[in-house]
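In: Pasted the sequence and its predicted model underneath.
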Amino acid sequence: MKKKDLSDLLTRCHAVIFDMDGVLVDSEPIHAQSFRVFLTNLKIPFTESFIDDLVGYSIDHNIKTINQTFLTERPLDVAEGVKARDAVYMDLLKKEKLKPLGGVEPLIHICRKRKIRLALASSSVREQVDQILNNLSGRNSDPVDFREVFDVTVSGDEVRQKKPAPDIYRRALDLLDVQAADCLAIEDSEAGILSARANDIFCFALRNPYLKEEKARLADKIIDSIEEVYRLMEQSGTGSH
């Protein structure tokens, strides 16, 4: 797939689509810790490398990976495994004081000013999405109400297949009623990048400890922070609709 020209896109951008975990908020360490607890409860030995490889993929995908790696003779029921892991995650999540990643709020503000639509596209289930958006809202001096700011939110339990399948981004495009060529996405995992690119959406890959560099290069552009997207948007001086 040919990679797109960013400068041209910034002159006509109609929508910015955020991944949630690791992009909107630094929740990936909570996901990682939930798997440590989950595997410890099952008395399964694991390495940190194994935990790192789970981050960014759907939980049902990860339960299948655990089965294939450790439990070939007596695999977990996938639905029951997801339920048990999610219970651990929600318990950890409710105890955390979350804040948006640096650059998220300025980017949201400039998009709102320019009438650029905002969407959230996450493989997490609706309960987790709502918990994080509630947790994030109203914590800073110029706060964004994350419960209200997005024109569209799509969760993993609202589509047939989660990332890396194209379904989540396809649904976001349908609900936004915009063309893929007029959107950009921000992702932090191979699965998310593949999902966005499968829909021919320009994709930024946000560097992080869980994303291998060769996987990041699947995106259109690699960034070190969300501030880079904000600065590019600011420098473009365009985008009013």
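Out: Cool, got the structure. Because the structure is a prediction, the values reported are computed rather than measured.

In: Give me the below-cutoff pLDDT ranges for this protein.
Out: 1-4, 138-142, 238-241 (pLDDT under 70).

In: Let me know the outermost residue of it.
Out: Glu73 (33.1 Å; C-alpha atoms, centre = their mean).

In: Look up which helix or strand it falls in, please.
Out: Using DSSP states H and E, Glu73 maps to neither a helix nor a strand.

In: Name the next helix or strand downstream of the longest helix seen in the chain, please.
Out: Longest helix in the chain, counting residues (DSSP state H): helix 78-95. Scanning forward in sequence from helix 78-95 by DSSP H and E, the next helix or strand is helix 104-113.

In: how about the helices in this structure?
Out: Using DSSP H, helices in the chain cover 6-10, 28-41, 48-54, 59-70, 78-95, 104-113, 126-136, 167-176, 190-198, 213-216, 226-236.

In: For the third one, give me every contacting residue.
Out: When you say that, I think you mean helix 48-54. 31-32, 35-36, 62, 65, 69, 209-210 (C-beta atoms under 8 Å, 6 or more residues apart in numbering). Every residue, glycine included, has its C-beta placed from N, CA and C.

In: tell me which residues in it are buried?
Out: 50-51, 53-54 (16 or more other C-beta atoms under 10 Å).

In: Just send the contacts of helix 48-54 back as JSON lines, with neighbour count and distance to Asp167 too.
Out: Putting the contacts of helix 48-54 into JSON lines (neighbours: other C-beta atoms under 10 Å; distance: C-beta to C-beta, whole Å) gives the following:
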{"residue": "His31", "neighbour count": "24", "distance to Asp167": "21"}
{"residue": "Ala32", "neighbour count": "16", "distance to Asp167": "25"}
{"residue": "Phe35", "neighbour count": "20", "distance to Asp167": "24"}
{"residue": "Arg36", "neighbour count": "13", "distance to Asp167": "29"}
{"residue": "Asn62", "neighbour count": "22", "distance to Asp167": "18"}
{"residue": "Thr65", "neighbour count": "14", "distance to Asp167": "20"}
{"residue": "Thr69", "neighbour count": "12", "distance to Asp167": "26"}
{"residue": "Pro209", "neighbour count": "11", "distance to Asp167": "27"}
{"residue": "Tyr210", "neighbour count": "20", "distance to Asp167": "22"}
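
In: Alright, I will stop here.
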